[in-house]
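Chemist: here is the input, now give the coordinates:
(2 chains)
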Number of protein chains: 2
Amino acid sequence: MSHKLPQTGDMNPNDFRQYGHQIVDWIADYLTHPEQYPVLSRSQPGEIKSQLPATPPAQPETMDRILADFENILLPGVTHWNHPSFFAYFGITGSMPGILGEMLMAALNVNAMLWKTSPAATELEDVALDWLRQMLGLPAGLDGVIMDTASISSMIAIAAAREALDLDVRRQGLAGRADLPRLRLYVSDQTHSSVEKGAITLGLGQENVVKIPSNAEFQMQVDALETAVQSDIAAGYRPFFVCATVGTTSTTSIDPVSEIAAIAQKHNLWLHVDGAYGGMAAIVPEMRGVLDGAEEADSIVVNPHKWLFTPIDLSVFYTRHPGVVKRAFSLVPDYLRTAEGDAAAVKNLMDYGVQLGRRFRALKLWMVIRTYGQDGLAARLREHIRLGQQFANWVDAASNFERLAPTPFSTVCFRACPDSVPETALNELNEQLMTAVNETGEIYLSHTNLSGKFTLRLAIGNIRTAERHVAHAWALLQETLTGLQQP
Amino acid sequence: MSHKLPQTGDMNPNDFRQYGHQIVDWIADYLTHPEQYPVLSRSQPGEIKSQLPATPPAQPETMDRILADFENILLPGVTHWNHPSFFAYFGITGSMPGILGEMLMAALNVNAMLWKTSPAATELEDVALDWLRQMLGLPAGLDGVIMDTASISSMIAIAAAREALDLDVRRQGLAGRADLPRLRLYVSDQTHSSVEKGAITLGLGQENVVKIPSNAEFQMQVDALETAVQSDIAAGYRPFFVCATVGTTSTTSIDPVSEIAAIAQKHNLWLHVDGAYGGMAAIVPEMRGVLDGAEEADSIVVNPHKWLFTPIDLSVFYTRHPGVVKRAFSLVPDYLRTAEGDAAAVKNLMDYGVQLGRRFRALKLWMVIRTYGQDGLAARLREHIRLGQQFANWVDAASNFERLAPTPFSTVCFRACPDSVPETALNELNEQLMTAVNETGEIYLSHTNLSGKFTLRLAIGNIRTAERHVAHAWALLQETLTGLQQP
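Modeler: Predicted structure coming up:
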């Protein structure tokens, strides 16, 4: 088949058809047997780069050659998030209907900045996010907008809270103003780093992000929050924002959202609930309680790309105050004015955040929800939680391992602690254990640090993870530990 | 074919194969005949939404049904950015190799936050962005990072400039500090609104974004910049950032980058060059001069998703100061530490911006560059510029139309100005003309405001736009104008 291109214009449609089919078949095979690859890439730093030409091709190259390089050069440098034994970080996982959605999104290639530039993109976003809101059991009156990542969603939340202060920050900014106090945000010592990064970005300062200590179960200590807010007020600071997390990154602990909401209300703080991972569990009817208190939130983030089988990226930002978000971000130059926008007859998504350009992301979420159905999605999350609990039970029953945190969802924090090894050597042992099991290419775990303890994390979120994968991980950990302890 | 799903796990791979092929064929047909649809959606506000169920499905639905709804309900609500007569805004356009790239990205679904979580994603990004740098004729020593949009790239630039001030902003923030002056940024009255939005977001304040007037050709007036900086210094402000644009949004004017660079150097301002649209023209050898002066920049943004046939989203941020960007944004909690990162042996992309999650975007850019080759891409941009110049000549030769700005690239600013209509009625006439031609569904133009004049914009950037489309637009404008003038 010819790869000759017309002088102007795109690839030959017949070539597209041929290679498109070939790639679809490759994807079907790949997702049927992701275990054929080592889960963690064995590539060394610089190894991929050294195999690629340092200068761009002047002339067209064939898709055959490009796809051959994809398989031979790039694929060995891929860490396989699709591998059912990817247990690191949070195992974000796409799904086949999500991939079909991405294909259509890429083909349409709309920029949904304005309602007018693709009404369906804006209106489907409203519909799909309202479906998700209902599935999560969140109250009506929450307005949803799709963001790319939870990092951006949380930054938008802080920016909206800053705007809500009515300190004329949008116009005057924060610098060089004698009338402004230092503005303080409250998180726990377990809150995701992106909230702190958002505060840094917004010019609020890392030292104004107050990290409230968590209790033995890694939940924010509400008394300490109250004390910190009061003492900051006494010291002349202006507290304005608190983040409660449902499913923290290290241990997936759940902050006492209702109690935090009461303090937020008392002191007029914007309450942001970070449910990027754990919030999604509320889709499972018997888990709905994990979002208790979130109905009081000013804003909430949940990530369908994390635990709802939607390809990255798709984060959902809900707020009860869309007007405040718009006040913080809307800026409409002449060339982006439309009759519908001027008449406030439509929602123009560019008004709700930093980015002007935006993909038709609602499409993939809508296709995922419809393909699985609410009950089907709940069944999959329920199974992940069951597998996580089972692994936790195995750890608890073993004399040479211990759990280091409660397991409210599907992520288990644990470590090896054989009697023969003193406490002072356990961190090194567990780091060796993690490195050793990851080097097998059979599983991939990541770690965290809990009260100074090097902690292994096994996070189950992949749509293809079944009991046998979790059982194999457990067997491999035991076997590898035994190997490490032999002289 | 069955749509029955296993209790846990993804769609049936055979179903994926079938529907994947079907969607590939649909895309091939769609991109062969995008003219079969009205370019601007005729959907009315709320029309799409009203056809979609208000509650999510409890049970799985078939892909047949989902795809039928896509075609019957959603597609009429799509504005077709792929239509060769989409001349509005900037006609961003994907391409078939870019779509194939998106398919592979969606399938792999890696989060390239760390080198380790997919070495190929990080290393291919370095390679592809260095290819692009060479194609643009930019000097070595520029480090590139892929961002989602130019809005984010420009915000990152301002944040890096703020960090470079060494005012301890990262730690202390901007608010409530007696030691900080107001920080001032300089743009022209033609600079894209996203720079202003970035400054608002970063807490710098809209009133500290100083809009330097542009000259009759819509280029920043360098003398006015010098005067503004000096008078701000005298008034106790701290100037720190200036944005020069290569291809402004309204008229695609080119700021005098070298002269602005000299002022930036004199006053120690961070020079950011926004070449999101126009910078890409430097790929055409005889257009390379458009980036003259950009070699002096501290940061540069160019958007392959705008005018390099790469599906949205993919913006490229280049900087000579990657260390400063890292200082502004790097924040590494325990759970994201890796041995390679600690040893500074690799680049972890999460360190260079706000977002933690990031897609394997380099793949699509690499596939586009290889499929067309540097010469092939230059040929396509050259043809767009030729078509733009031709349309400009038609306008210039017509007695009832006039051009309202120079045409350095492929975007023409013009209006109807028939002798019979007084100046005071021209804005209304041109707005009517735009609405009327857009309502035909045959072409889509947007507008801007130039010195109070309602200005039509015809922007050529679509890979499928050929001379006949531009000629038809011109004929349609003439014909419609005649119709509007008849009593």
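Chemist: give me the neighbour count for the closest residue to residue A:13 other than its chain neighbours.
Modeler: Nearest non-adjacent residue to residue A:13, counting by C-beta to C-beta, 6 or more residues apart in numbering or on different chains: residue B:28, 4.5 Å away. Placement of C-beta: from N, CA and C, glycine included. Using other C-beta atoms under 10 Å in any protein chain shown, residue B:28 is surrounded by 22 other residues.
Chemist: in terms of helices and strands, where is residue B:28?
Modeler: Element membership of residue B:28, judged by DSSP states H and E, is helix B:13-32.
Chemist: tell me the mean pLDDT for the very next helix or strand once past that helix?
Modeler: The helix or strand immediately downstream of helix B:13-32 is helix B:63-69, counting by DSSP H and E. The average pLDDT for helix B:63-69 rounds to 98.
Chemist: what's helix B:63-69 packed up against?
Modeler: On a contact count with 3 or more C-beta pairs under 8 Å, 6 or more residues apart in numbering or on different chains; DSSP states H and E, helix B:63-69 meets helix A:96-108, helix A:362-397, helix B:13-32.
Chemist: what residues are up against the closest residue to residue A:327 other than its chain neighbours?
Modeler: Closest residue in space to residue A:327, ignoring its immediate chain neighbours: residue A:163 at 5.4 Å, by C-beta to C-beta, 6+ apart. If you count contacts by C-beta atoms under 8 Å, 6 or more residues apart in numbering or on different chains, residue A:163 has them with A:169, A:170, A:324, A:325, A:327, A:328.
Chemist: near chain B, which residues of the stretch 201-350 of chain A?
Modeler: Within the stretch 201-350 of chain A, the positions near chain B by C-beta under 8 Å from any C-beta of the partner chain are A:201-208, A:237, A:249-250, A:305, A:309, A:311-313, A:315, A:328-329, A:331-336, A:340, A:345-346.
Chemist: next one: the stretch 351-487 of chain A
Modeler: Neighbours of chain B within the stretch 351-487 of chain A, by C-beta under 8 Å from any C-beta: A:354-359, A:363, A:367, A:369-376, A:379-380, A:383, A:446-449, A:457, A:463-464, A:466.
Chemist: narrow those to those that are buried.
Modeler: Neighbour counting by 16 or more other C-beta atoms under 10 Å in any protein chain shown classes A:354-359, A:363, A:367, A:369-374, A:376, A:379-380, A:383, A:446-448, A:457, A:463-464 among these as buried.
Chemist: now the contacts of residue A:163 in a markdown table, with pLDDT and secondary structure?
Modeler: Listed next are the contacts of residue A:163 as a markdown table, based on pLDDT from 0 to 100; DSSP: H, G, I helix; E, B strand; the rest coil:
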| residue | pLDDT | secondary structure |
| --- | --- | --- |
| A:169 | 97 | helix |
| A:170 | 97 | helix |
| A:324 | 97 | helix |
| A:325 | 97 | helix |
| A:327 | 96 | helix |
| A:328 | 96 | helix |
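Chemist: for the helix holding residue B:28, name the packing helices and strands.
Modeler: Using 3+ C-beta pairs under 8 Å, 6+ apart, helix B:13-32 is in contact with helix A:13-32, helix A:96-108, helix B:63-69.
Chemist: from the chain's centre, how far out does that helix sit?
Modeler: Using C-alpha atoms, centre = their mean, to the nearest Å, the mean C-alpha position of helix B:13-32 is found 28 Å from that of the whole chain.
Chemist: give me the buried positions along it.
Modeler: Neighbour-count burial for helix B:13-32 [16+ other C-beta under 10 Å]: B:13, B:15-21, B:23-24, B:26-28, B:30-31.
Chemist: what does stretch A:36-48 give?
Modeler: Applying 16+ other C-beta under 10 Å to stretch A:36-48 flags A:37, A:38, A:39, A:40, A:41, A:43, A:45, A:47, A:48 as buried.
Chemist: just stretch A:418-437 next, same as before
Modeler: Within stretch A:418-437, the residues scored as buried using 16+ other C-beta under 10 Å are A:421, A:426, A:427, A:429, A:430, A:433, A:434, A:437.
Chemist: may I have it as CSV, with CA atoms only?
Modeler: Listed next in CSV are the C-alpha coordinates belonging to stretch A:418-437 (Å, rounded to 0.1, in the frame of the first residue of the first chain):
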residue,chain,number,x,y,z
PRO,A,418,10.3,-11.1,60.3
ASP,A,419,11.2,-11.8,64.0
SER,A,420,14.9,-12.2,63.0
VAL,A,421,15.3,-8.7,61.8
PRO,A,422,15.5,-5.8,64.3
GLU,A,423,13.3,-2.7,63.9
THR,A,424,16.3,-0.6,62.9
ALA,A,425,16.9,-2.8,59.8
LEU,A,426,13.3,-3.1,58.6
ASN,A,427,13.4,-0.1,56.4
GLU,A,428,16.3,-1.4,54.5
LEU,A,429,14.8,-4.8,54.3
ASN,A,430,11.5,-3.6,52.9
GLU,A,431,13.2,-1.3,50.4
GLN,A,432,15.2,-4.4,49.2
LEU,A,433,12.0,-6.4,49.1
MET,A,434,10.2,-3.9,47.0
THR,A,435,13.1,-3.5,44.6
ALA,A,436,13.5,-7.3,44.3
VAL,A,437,9.8,-8.0,43.5
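Chemist: for the one helix or strand in chain A whose mean pLDDT sits lowest, packing partners?
Modeler: Within chain A, no helix or strand scores below helix A:339-342, which has a mean of 86 by mean pLDDT, DSSP states H and E. When contacts are defined as 3+ C-beta pairs under 8 Å, 6+ apart, helix A:339-342 packs onto no helix or strand at all.
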